[in-house]
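> just need the structure, nothing else, for what follows:
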Amino acid sequence: MNKYLLCLFANIFVFLIISCTFSNNKKNTGSLKKADIQSINVDNINPSNKIFFSELFSEIKIVPLETTSNNLIGLISEIKYHNDTIYIFDKKFSKSVFIFSAEGNFISKIGRIGKGVSEYIDPSSFCLDDEKNLIVICDRQLKALFRYKKTGEFVDKISIDNTILPHSIEAVGNRYFFNYTSLKKRNNNKKYLICMINKKGKACENLLESPKYNKGWSINTTFYRHNFYSSSCGVRYMNPFCDTIFTIKNQKLQPYIAINSNNFITENDIKKIPDNPHTAYFELRKAGKDKFIAIIDYMENKSLIYFRFLANNCSGNDLFYYKDQNKIISGSLFDDLTYSKYNKFDEINDNYAIMPIPNIGDYSIERLKQQILSKNIKISKSQEKKLASIKTSDNPVLFFYKFKKNEI
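Take a look at the predicted model:
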């Protein structure tokens with residue numbers, strides 16, 4: 001009996017050692033099991049059904065972004081609203097991040113292009129590192145992260161794996177997560193969608209194997225807003241061709257929402273698309289003209305989740321999921337408050353949906369001014385006065401649409 005027990009304990013001990021060693025050495029997580037998560041069916045979205053702004057919002061607040069010689073914004077690529085502060089990323093023209101107060105007063109400019117120690121060449125995305133209280137700008141060409149204080153002071157540069165082409169970045173705790181295109185297969189001859197590194201630049205883990213989670217899409221072009229979305233509810237990850245929204249918590253990726261459709265675009269459909277970044281989007285729409293193609297936008301606050309989908313050759317498929325009521329509104333957004341044709345939010349928080357209005361073009365402030373003069377748009381006198389003072393040479397204007405309480 002003693003020999004039997006000794007042998008049994010010895011086997012258990014060896015098993016535990018082997019199990020711990022495997023767990024500690026695990027670097028690639030290609031598959032994740034779906035738990036009991038919320039499912040949303042998208043087959044019934046009809047873009048001919050209008051979602052009127054007047055049904056969703058109670059009022060508009062106009063926030064002009066202060067214009068100085070040091071903060072000229074050419075095109076807003078991304079907006080983050082965090083702790084009553086507005087962060088604007090212009091990656092096409094100024095290639096910098098600009099910080100404004102909630103009322104639009106300019107605070108600081110972060111980063112610039114160049115060849116100096118604190119300068120980058122090709123910024124692809126940025127994130128807020130709350131743990132370090134820093135702003136992080138990712139340079140996809142230099143394969144590096146540039147970190148700055150919110151005053152604009154340069155902190156350091158972190159080099160990352162030169163075999164990846166990073167598209168977007170998010171900070172979660174003491175880790176950075178990248179959505180990336182792999183320039184070569186990993187050691188196990190596989191490709192992944194996400195790389196997690198520590199804040200010294202050392203790779204920790206690869207997540208979500210391709211093509212399982214993206215139908216094999218590898219063309220270097222971006223037709224969607226972002227991969228990571230951070231809010232008061234947490235950090236989410238989306239890939240346009242994946243049928244699952246993931247949440248990131250404690251450095252772990254877990255399924256959060258499942259997207260259901262009987263007519264997804266397939267991996268075989270995507271394989272037929274020529275590898276040409278300039279035509280890929282149009283070829284994609286053609287290949288999936290009668291199918292659900294991709295998620296192109298995702299946002300969330302405490303009350304609701306917003307999606308925009310590319311489906312049936314139409315990019316204006318919008319869906320609001322109200323969490324507490326477990327109800328869905330779907331169709332196509334229509335701004336019957338300002339009659340702007342932009343109809344696309346860049347950010348939402350718990351109180352507002354935020355839409356940038358440029359000062360030139362078809363959706364410009366000048367066009368809105370004309371609508372107000374003709375009494376087609378009704379706003380308060382103070383807001384009307386604020387709008388009238390804006391010049392075409394000024395920075396873009398942000399419209400804050402206030403969510404109604406108990407929206408539906």
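> run through the chain and note the low-pLDDT ranges.
Within the chain, the segments meeting pLDDT under 70 span 1-36, 183-188, 359-363, 372-373, 375-376, 378, 406-408.
> need the helices for it, in chain order.
2-25, 53-56, 267-271, 280-287, 365-373, 381-388 (DSSP state H).
> who does the shortest one touch, helix- and strand-wise?
Right, helix 53-56. Packing contacts for helix 53-56, counted by 3 or more C-beta pairs under 8 Å, 6 or more residues apart in numbering; DSSP states H and E, involve strand 327-334, strand 397-403. No exception for glycine: its C-beta is placed from N, CA and C like everyone else's.
> give the buried residues for that helix.
By neighbour count on 16 or more other C-beta atoms under 10 Å, the buried set for helix 53-56 is 53, 56.
> list the contacts of that helix.
By C-beta atoms under 8 Å, 6 or more residues apart in numbering, the surrounding residues in contact with helix 53-56 are 320, 329, 333-338, 353, 401, 403-404, 407.
> let's see it at 10 Å
With C-beta atoms under 10 Å, 6 or more residues apart in numbering as the test, helix 53-56 has contacts from 60, 304, 320, 329, 333-340, 343, 353, 355, 401-404, 407-408.
> likewise for the fifth one?
Outside of helix 365-373, the residues that reach it under the criterion C-beta under 10 Å, 6+ apart are 62, 64, 338-341, 357-361, 364, 376-379, 383-384, 387-388, 390-392, 394, 396-397, 399.
> for stretch 330-347, list the C-alpha coordinates in CSV.
Extracted as CSV, the C-alpha positions of stretch 330-347 are listed here (Å, rounded to 0.1, in the frame of the first residue of the first chain):
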residue,chain,number,x,y,z
SER,A,330,-31.4,48.7,-37.0
GLY,A,331,-31.4,50.4,-40.3
SER,A,332,-29.5,53.4,-41.7
LEU,A,333,-28.7,56.6,-39.7
PHE,A,334,-30.4,59.7,-40.8
ASP,A,335,-29.6,63.1,-39.2
ASP,A,336,-33.0,64.9,-39.1
LEU,A,337,-31.6,67.4,-36.6
THR,A,338,-28.9,69.1,-38.7
TYR,A,339,-29.5,67.2,-42.0
SER,A,340,-25.8,66.6,-42.3
LYS,A,341,-25.0,63.9,-44.9
TYR,A,342,-22.0,62.7,-42.8
ASN,A,343,-24.2,60.5,-40.6
LYS,A,344,-21.2,58.8,-39.0
PHE,A,345,-20.1,59.0,-35.4
ASP,A,346,-16.4,59.0,-34.6
GLU,A,347,-16.8,58.4,-30.8
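> list the buried residues in it.
330-335, 337-338, 340, 342-347.
> who does residue 85 form a beta bridge with?
Counting by DSSP bridges, residue 85 is bridged to residue 82, residue 101.
> I meant residue 322, not that one.
Here residue 322 sits in beta bridges with residue 304, residue 327, as judged by DSSP bridges.
> report the separation between the closest residue in space to residue 405 that isn't next to it in sequence and residue 388.
In space, and not counting its chain neighbours, residue 405 is closest to residue 58: 8.0 Å by C-beta to C-beta, 6 or more residues apart in numbering. As for residue 58, its distance to residue 388 is 23 Å (criterion: C-beta to C-beta, to the nearest Å).
> do residue 48 as well
Going from residue 48 to residue 388 by C-beta to C-beta gives 36 Å.
> what do you get for residue 113?
In this view, residue 113 and residue 388 are 35 Å apart by C-beta to C-beta.
> please apply the same query to residue 299.
Taking C-beta to C-beta as the measure, residue 299 falls 31 Å from residue 388.
> likewise for residue 344?
Relative to residue 388, and taking C-beta to C-beta, residue 344 is found at 25 Å.
> kindly report the same for residue 332.
As judged by C-beta to C-beta, residue 332 and residue 388 stand 31 Å apart.
> just to check, residue 108 is in contact with residue 99?
Yes - Residue 108 is within contact range of residue 99, at 4.9 Å (criterion: C-beta atoms under 10 Å).
> okay, and the common contacts of the two?
Contact with both residue 108 and residue 99 is made by residues 71, 135, 150-152, according to C-beta under 10 Å, 6+ apart.
> mind putting those residues into CSV with distance to residue 165?
Putting the shared contacts of residue 108 and residue 99 into CSV (distance: C-beta to C-beta, whole Å) gives the following:
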residue, distance to residue 165
71, 29
135, 22
150, 28
151, 31
152, 27
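> if anything else comes up later, I'll come back, but that's it for now.
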